[in-house]
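Asker: I need the structure of the sequence given here:
(chains A and B)
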Amino acid sequence: MSNSLAFAIKSRSQRLTSAGMLALVTLVILFSSMRPGNAMDIKQVKSPGGIEAWLVESRQVPLLALRFAFTGGSSQDPADKSGVAHFLSGMLDEGAGDLDAAEFQERMEDIAMRMKFDDSRDTFYGTVQTLTKNRDAAMELLKLALTKPRFDEDAIDRVRRQLLASLAYEAKSPDRLAARKWFETAFKDHAYGTSPRGTEASLRQIGSAELEAFRKKNFAKSNLKIVAVGDITEAELGKLLDDVFGDLPEKAQLEEVAETKPARGGRLEVVEMDVPQSVAVFGMGGLKRKDPDFLAAFVLNHIIGGGGFSAILMEEVREKRGLAYSVYSYLNPMDHSAIYMGSVATKNDAIAESLDIIRSELMKIAEEGVTEENLKNAKSYLSGSYALRFDTNSKIASQLLGILVEDMGIEYVKDRNALIEALSVDDLKRAATRFLTPEDLIVVVVGKPKGLAPKG
Amino acid sequence: MRKTGVRRSPPIILTLLLALMITATENAPDARAADATSRANAFQLANGMQVIVIPDRRAPVVTHMVWYRVGAADEPKGASGIAHFLEHLMFKSTEKIAIGEFSKIVARMGGQDNAFTSQDATAYFQRIAKDRLANVMAMEADRMANLRLTEKEVLTERDVILEERRSRVDNSPGSILTEQMDAALYYSHPYGTPVIGWSHEISQLDQKDAIDFYKLFYAPNNAILVVAGDVTVDEVKRLAEETYGKVPANNGMKIKRERPLEPPHLVPRRLQLNDPRAGRASFHRFYHAPSYVTAKPGEAEALDLLMKILASGSTSRLYKKLVVEKKLASSAGGWFYGDGYDSGKLSVYAVANDGVGLEAVEAETDALIAEIAAGGVTEAELKRAKNSLTAQFIYGLDSQATMARRYGWAVVVGQSVADVDSWPDDINKVTAEQVKEAAAKQLDLRQSVTGYLIPQALPSAANRTDGATSPSKG
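Answerer: Residues are numbered from 1 along each chain as shown, chains lettered A, B, ... in the order given. Next comes the predicted model:
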């Protein structure tokens, strides 16, 4: 039977967590590469109370998509209690104000409201979708969730059990375990090396005090970015912003996070697991979003492993040799570091061959760069497809929030394609020399690989 | 309403498409939504190809899909996986398109493309700027009739599919159990065979199998064109006549699907998979059920509402009892899959808390099921469930890709555009009594398969699950 069904069966919290993780990866990719083709009117709105947001009015469908972010994220977790931000993201709809968890969730369902919170290493995200007719009621619940979550003991215990079940699943899931180990290996003595999902021990130490402390320090106006898209006027949005976010403290109390880079010199870690197919996660340092060479690196990655069936890794590993169903790479620019990573999954006795091919293709590109034709094709895809990222209210909200969080400026949507079109083969080559150093590849393999010798 | 399928593209692309998988239904609370429900326009080309157009002018892009009325359940016995294999091979070449160029050409035009296969349908799609619609229609029409394959690329792609199977199934105990439960749920009907195919049968598929299947099922009179986005009906009609309209119908094609029907199910079946790779112990139950196209009027709608109330989400009876009140499970859920051509399926699951036996989870679940079958649901529950299901349809209006899938999925199994449009009204008409009847009739253990997933190995080696290499043990 199909994967979607099988996957959904496993466990609800598991599924949501995985989807959340994938969504974050996607966000990074999307944010770093956007630009729509048509004239989309983005308004900068400031509420009477001084809260700012971007608004795209779209009245054809009676819906509102509201997406917001507090910078901070799981790198703000206390050092000995990893997983607080993630725990919190699961607790905000588990009761708030006078409503206990069941009452809160029934109320959400009665008004057909969708509300979801996600955490990444640098950011805590919220998403709300509501029908126009239920907007006021939905915003009341959102405000309660952000400002008066109850953190009742039985709700905390329940969510903790879900998070522990998710960890138990992660420990046996080759791809998720490989990703977790990769970060541990790359960022040994830094918050980025700690899994946002915490550990069994840390989750057992987190209670209402830790959740409330995180909420108070991180949910503030100073680190808040908001985008609204849909059936709402500027004036209505201004009032909404004050109603929902007006009571938050002015200033977030964020801990300083040190700048860092992934470990260099190359590593190969093998985690033995009795599965027929080995999963490898590979990566090294990348470029940060505000780096002048970021877009060149982004286009370079598209050519190497980001561009689906047009990408070199897909051509060499899958199309020519049938070694994998899935092989890809992406840039993940974080607030305090930057990485370039990818993944491949191949049967145990051929995973070494897949990794050899990937390594040698990366070396070839590091030495020779890409061709004019590679670049031309990448540009025509990236600029031509930008509008596809803006064809629903929810997608527009995600795209714009990404630009806000990355602080690229409101003009970016308009300018982005021209910036990509202006890149030359030499720009890509220069970007490559700044991060594409295959000798620094950190590779984590989970499975029973043959012909791979751990080193380092 | 849950869709199932196997896709061509790897996960990183899939993530971009996950949002498109939402399926939904509709209420019409105000004029704008009502407009939107009637946006789908259906007509037919002279060669028998059905066309559905769903204009949405908000962004200058289109979603273009071609659905074939063929899926894994239409495969010849012993050739499991050929429908999905052919779907991959459709990206190879024609006289006009060089080997492996199809997706690259689409990408160079700024488009994204992919395809998926389910038990009942195979669909190909592109998302692209509206001024490129004519190009992708021409390419899709071309490969409907002119696919060209070489032995080498067929064999290489077969290896890709074996890797896909390892990723999706063989590396994942939960997927293995699901596959085995489906095999047990159907005595006779091909829904018991996985869409991706059994490893030992995939390994034997060749070029001839693919071409035979292609010639048997791929033709305009077995296909549905769906275009959603920044288009007009007239524009699509003209383009469709210029492209697909030129492909001759295959009048010798066996269009009627005649699959072996299920005999009466008289005995409950039970399976247990012991696999140390499973994270936690979990309980799973499938029930045989009718689907929207096989059910009596109102029956499938009642099942959607029943499963919403019983098992879907944190307000459901199952979640409240197992997770919140009794603390037996960390998560629990369930749904009705009603989109099958020949039948549907009910599904319930729960992941046990540490130290809790699956027997206790199962007993509590069965008590809830007995209660809902005997006592039915409350008016308040029914109202909330109706509200929730019908709201999903409105959320779907935000996405042209969702709209394209909504109509495509329905029409490919024999529903009409009107059936889709009237769904929210049909949901709202269901009474509490109908839900109770549906529960009593369908939640019958004799029509069920129960699966236990236990995260500890059995002491003997007879429990190995690496079916990729030894099907007899799979």
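Asker: mind listing residues that contact the host helix or strand of B:Leu453?
Answerer: Assigned by DSSP states H and E, B:Leu453 falls within strand B:448-454. For strand B:448-454, contacts defined as C-beta atoms under 8 Å, 6 or more residues apart in numbering or on different chains pick out B:173-174, B:177-178, B:180-181, B:184-185, B:268-275, B:278, B:281-288, B:358, B:362. For every residue, glycine as well, the C-beta is placed using N, CA and C.
Asker: tell me the residues of the stretch 51-200 of chain A that contact chain B?
Answerer: Applying C-beta under 8 Å from any C-beta of the partner chain, we find that the stretch 51-200 of chain A lies next to chain B at A:58-63, A:65, A:101-102, A:105-106, A:109-110, A:112, A:114, A:129, A:131-133, A:154, A:157-158, A:161-162, A:164-165, A:168-174.
Asker: from these, which land in helices?
Answerer: A:101-102, A:105-106, A:109-110, A:154, A:157-158, A:161-162, A:164-165, A:168-170, A:174 (DSSP state H).
Asker: isn't A:Thr194 up against A:Gln76?
Answerer: No: assessed by C-beta atoms under 8 Å, A:Thr194 is found out of contact with A:Gln76, at 11.4 Å.
Asker: list only buried entries from the ones in helices among the residues of the stretch 51-200 of chain A next to chain B.
Answerer: A:101-102, A:105-106, A:109-110, A:158, A:161-162, A:164-165, A:168-170, A:174 (16 or more other C-beta atoms under 10 Å in any protein chain shown).
Asker: report the two of the residues you listed separated the most.
Answerer: A:Asp110 and A:Pro174 (41.0 Å; C-beta to C-beta).
Asker: just want the residue of the stretch 351-456 of chain A that's nearest chain B.
Answerer: Residue nearest to chain B within the stretch 351-456 of chain A: A:Gly384 (1.5 Å; C-beta to the nearest C-beta).
Asker: of the contacts of strand B:448-454, which belong to helices?
Answerer: Per DSSP H, those map to helices at B:173-174, B:177-178, B:180-181, B:184-185, B:358, B:362.
Asker: and the contacts of stretch B:131-139?
Answerer: Taking C-beta under 8 Å, 6+ apart as the rule, stretch B:131-139 contacts A:384, B:60, B:62, B:64, B:96-97, B:102, B:105-106, B:109-111, B:113, B:126, B:128, B:227, B:231, B:236, B:239-240, B:242-244.
Asker: please name the nearest non-neighbouring residue to A:Leu63.
Answerer: A:Gly230 (5.1 Å; C-beta to C-beta, 6 or more residues apart in numbering or on different chains).
Asker: up against chain A, what does the stretch 351-474 of chain B have?
Answerer: B:351, B:353-354, B:384, B:387-388, B:391-392, B:394-395, B:397-401, B:455, B:466, B:468-469.
Asker: among those residues, name the buried ones.
Answerer: Buried among those by 16+ other C-beta under 10 Å: B:351, B:353, B:384, B:387-388, B:391-392, B:394-395, B:397-401, B:455, B:466, B:468.
Asker: picking up where we left off before, can you list which of the residues of the stretch 351-474 of chain B next to chain A are found in strands?
Answerer: Among these, the members falling in strands (DSSP state E) are B:Val351.
Asker: can you tell me the helix or strand for the closest residue to the residue of the stretch 351-456 of chain A closest to chain B other than its chain neighbours?
Answerer: Excluding the flanking residues, the one nearest A:Gly384 by C-beta to C-beta, 6+ apart is B:Gly110, at 1.5 Å. Under DSSP H and E, no helix or strand contains B:Gly110.
Asker: quick check: the gap between B:Gly110 and B:His64.
Answerer: 14 Å (C-beta to C-beta, to the nearest Å).
Asker: ok, now A:Glu256?
Answerer: Taken as C-beta to C-beta, the span from A:Glu256 to B:His64 is 50 Å.
Asker: higher neighbour count, these two?
Answerer: More crowded of A:Glu256 and B:His64, by other C-beta atoms under 10 Å in any protein chain shown: B:His64, with 28 against 5.
Asker: near chain B, which residues of the stretch 351-456 of chain A are found?
Answerer: A:377, A:380-381, A:383-388, A:390-395.
Asker: what's the ChimeraX line that selects buried ones from those residues?
Answerer: With 16+ other C-beta under 10 Å as the criterion, this ChimeraX line picks the buried residues out of those:
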select /A:377,380,381,383,384,385,386,387,388,390,391,392,393,394,395
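Asker: mind checking which of the residues of the stretch 351-456 of chain A next to chain B are in helices?
Answerer: Among those, DSSP H puts A:377, A:380-381, A:383-384, A:393-395 in helices.
Asker: list the contacts for residue 203?
Answerer: Unless you meant another one, I'm taking chain A. A:83, A:87, A:160, A:163-164, A:167 are the contacts of A:Leu203 under C-beta under 8 Å, 6+ apart.
Asker: that's the wrong chain, I meant chain B
Answerer: Counted by C-beta under 8 Å, 6+ apart, B:Ser203 has contacts B:158, B:162.
Asker: same deal with A:Glu184?
Answerer: Residues near A:Glu184 by C-beta under 8 Å, 6+ apart: A:193-195.
Asker: work out the gap between the strand holding B:Leu453 and the centre of the chain.
Answerer: Remark: strand B:448-454 is offset 22 Å from the chain centroid, using C-alpha atoms, centre = their mean, to the nearest Å.
Asker: cool, and stretch B:341-359?
Answerer: Centroid separation for stretch B:341-359 versus its chain: 19 Å, with C-alpha atoms, centre = their mean.
Asker: ok, now stretch B:216-231?
Answerer: Counting by C-alpha atoms, centre = their mean, stretch B:216-231 comes out at 18 Å from the chain centroid.
Asker: for stretch A:413-428, list the C-alpha coordinates in PDB.
Answerer: C-alpha atoms of stretch A:413-428 as PDB (Å, rounded to 0.1, in the frame of the first residue of the first chain):
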ATOM      1  CA  VAL A 413      10.300  39.700  -4.400                       C
ATOM      2  CA  LYS A 414      10.600  42.100  -7.300                       C
ATOM      3  CA  ASP A 415      14.400  42.100  -7.600                       C
ATOM      4  CA  ARG A 416      15.100  38.400  -7.100                       C
ATOM      5  CA  ASN A 417      14.900  37.200 -10.700                       C
ATOM      6  CA  ALA A 418      17.200  39.900 -11.900                       C
ATOM      7  CA  LEU A 419      19.700  39.100  -9.300                       C
ATOM      8  CA  ILE A 420      19.700  35.500 -10.500                       C
ATOM      9  CA  GLU A 421      19.900  36.400 -14.100                       C
ATOM     10  CA  ALA A 422      22.900  38.600 -13.500                       C
ATOM     11  CA  LEU A 423      25.000  35.700 -12.200                       C
ATOM     12  CA  SER A 424      27.900  34.400 -14.300                       C
ATOM     13  CA  VAL A 425      29.800  31.100 -14.400                       C
ATOM     14  CA  ASP A 426      32.600  32.900 -12.700                       C
ATOM     15  CA  ASP A 427      30.300  34.000  -9.900                       C
ATOM     16  CA  LEU A 428      29.400  30.400  -9.300                       C
END
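Asker: and the average pLDDT for that stretch is what?
Answerer: Across stretch A:413-428, the average pLDDT comes to 97.
Asker: so how many other residues sit close to whichever residue of the stretch 1-150 of chain B sits closest to chain A?
Answerer: Proximity of the stretch 1-150 of chain B to chain A (C-beta to the nearest C-beta) peaks at B:Gly110, 1.5 Å away. B:Gly110 has 23 neighbouring residues, counting by other C-beta under 10 Å.
Asker: show me what contacts it?
Answerer: Counted by C-beta under 8 Å, 6+ apart, B:Gly110 has contacts A:380-381, A:383-386, A:388, B:128-129, B:132.
Asker: B:Asp159: which of those residues is nearest?
Answerer: Once C-beta to C-beta is applied, the member of these that ends up nearest B:Asp159 is A:Tyr381, at 26.9 Å.
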